[in-house]
Each structure stands twice: as C-alpha cells, then as structure tokens.
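> predicted coordinates and the sequence they were generated for:
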Amino acid sequence: MSGEHASRRLVDDYARGDAELAADTVWALESHLETCAPCRSRLAASVAAGAPGIVALLDTVRAGLAPQLDKAVRAPARRYRPRWVSAWMTPVVLPWLAMTVTVTLLALLLAAAGAPAFLGTAPPVLLFAPVLPMCGVAAAWSRGLDPAYELTASTPRAGLPLLLRRTVSVLAVVLPALLVEGWLTGAMTAAQWLLPSLAFTSVALALGSVVGVTRAAAGLVVGWGLVVAAPAWDTGRVPLVLQPDRLPVWGALLALGIGAVIARRRSYSAL
C-alpha cells in the first residue's frame, strides 16, 4: 500500500492471482478495495488486461443468472438499520446489551432499597462491574450466538479490526450505564471498577487470540466469581483488589493486555 491507494504493482499481482502475496497483504488490499472506488476501477482494468479468461467467465455467469434473478421472488423489505450498526456490531448482541443494562438497573434498585445484610459494605454492582463488559464482548464474537459467524469471519474485515469495533460498541453501552449508577447511588467510584473493567477486557481479548474470546471471557468471569466475588459476599467487605491503592496493578494489567493484543494482532483473522 502506498499513500491513500494501493500501488499499481500490488493491484496487478492481485489480479493475476500471485501466490507469493502474503496473506496479511491480501487481507489489507481486499479491505481497502471495499471503500476505494479508484482502486476497484484499476483492479477491473488490470483483470481485463491480464486475465481475460476471468472476464469471460464472469460474463457467462452473469448471462446465465440474469434471467433467473428477474423471475426470483423478492425478499420482504427489512426494517431500516443504519449501515454503521452492521459495521460495528452483530444483531445478536443487542439482546445481550439490553440484558446487561437491565441487570445494571436491577442492581441500582437493589442498592436504592438497601443491600442485603450478607453483602455487608460491598455494593452489589461493584462485585460484577469489572467483568460485566466481558459478557457483551463474548456475545459479540461468539460462534454459537452469531448465525452469520462463518460468513463474517470469511470477509476481509474479519479479525482484530472487527473485534475491536464490536468491543468498543459494547463498552460504549455498558460503561455509561455503570457510571450513571455509581453517580446515582454514590456507592462506588469509577476508579474502583473502570480500570479493572478495561483491564479484564484487554486480557480477555489477549487470551482470545489463543483460546477464543468467548472461552477467555467465560474463564475470567468464573475465576473472578470464585476468587473475588464469593469471598467478598462471605466477609461482607469490599475486595482488596478493588481498593484505590491497587489501581497501579490494574493499570499494569491493562498495559500488558493491550501489548499482547498488539503483538498477536495477526492471529485474530484465523479465529
């Protein structure tokens, strides 16, 4: 890639089907072609000049399909959905986000009515706020929950860029809800859970490059529940790991997670 457009040599090699092109180069070029009309025009010209057999094949297929498409029954019109919604999140994640916000509202009502005695001074939402966003992240990139998973994974935009988009879309919904709840109840400060939440999310993405994001998120949630949440319920005190003096540790964990994601950025296209 050179400047804002692909180089002519790269386009020619791609049109010719050069087997020596690196996989990440092909991925980057295909992703660029989706949004660059001039490069698509150059690709069409290159294919016409260097691979006339492909042009003839496409013309034959088009001639055979055109009569069938004219007779085909049109699908019913779909509800309007902005184009950016499909680019940033999968439709199946919307119920998960609604569920997450509902759980947050229920925790708000619980805090307003008075926490149960067995929770002591530990606010209920504080115990699951650090791992709550991971549930949405796992749902946003789950093979079992997304019926179009295989189709999405085969597109040029699959991999880390799409995963980061969906992660940001989840955080943009969940974090404001938690911030509002903390402000309304005064039971927790953003410093207590925001940095741990981001750290857990980055670690889930990092581990996801090895075992899959869904498995990584589920393992972290279970580990948090057994090691931190359950003892906090038993003692009735705010966990030590959520005390303000532990923030540097969470910051270091966040940095390590981001570093691991960057180091393994090429592995996400094969998930």
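Structure received. Numbers count the residues shown, from 1 in each chain.

> below-threshold pLDDT in the stretch 1-150 of the chain: ranges please.
Applying pLDDT under 70 to the stretch 1-150 of the chain picks out residues 1-3, 72-97, 99-100, 103-104, 106-124, 140-148.

> any idea which helix or strand carries residue 198?
Residue 198 belongs to helix 190-211 when assigned by DSSP states H and E.

> do I have it right that residue 203 meets residue 253?
Yes: here residue 203 reaches residue 253: they are 6.5 Å apart, a contact under Cβ atoms under 8 Å. No exception for glycine: its C-beta is placed from N, CA and C like everyone else's.

> which one's more surrounded, the two?
residue 203 (21 against 17; other Cβ atoms under 10 Å).

> can you tell me which residues contact the more buried one?
By Cβ atoms under 8 Å, 6 or more residues apart in numbering, residue 203 lies in contact with 216, 220, 253, 256, 257, 260.

> surely the fifth one meets residue 208?
To tie it back to what came earlier, the one meant is residue 257. No: if you go by Cβ under 8 Å, residue 257 and residue 208 don't touch, sitting 10.5 Å apart.

> more neighbours, those two?
When residue 257 and residue 208 are compared for neighbours, residue 208 comes out ahead with 23 against 20, by other Cβ under 10 Å.

> state the pLDDT value of that one.
pLDDT recorded at residue 208 is 84.

> that one touches residue 216, doesn't it?
Yes: counting by Cβ under 8 Å, residue 216 is a contact partner of residue 208 at 4.5 Å.

> quick check on residue 239: phi, psi?
In terms of degrees, to the nearest 10, the main-chain angles of residue 239 are phi -60, psi 150.

> which stretches of the stretch 1-150 of the chain form helices?
Assignment of helices within the stretch 1-150 of the chain using DSSP state H, counting those that start in this stretch yields the ranges 8-16, 23-33, 37-50, 52-71, 83-88, 93-113, 124-128, 132-140, 149-153.

> packing partners of the third one?
Counting by 3 or more Cβ pairs under 8 Å, 6 or more residues apart in numbering; DSSP states H and E, the packing neighbours recorded for helix 37-50 are helix 8-16, helix 23-33, helix 52-71.

> who's in contact with that helix?
5, 6, 8, 11, 12, 14, 15, 16, 32, 33, 54, 55.

> change it to 7 Å
By Cβ atoms under 7 Å, 6 or more residues apart in numbering, the list of residues contacting helix 37-50 from outside reads 5, 6, 8, 11, 12, 15, 16, 32, 33, 54, 55.

> same thing with the fourth one?
The set of residues that contact helix 52-71 without belonging to it, under Cβ under 7 Å, 6+ apart, is 47, 48.

> use 17 as the first number for this chain going forward.
Renumbered: residue one is now 17, and that last one reads helix 68-87.

> show me the domain layout of this protein.
Annotated domains of the chain cover 24-87, 99-286 [automatic domain parsing].

> many thanks, have a good one.
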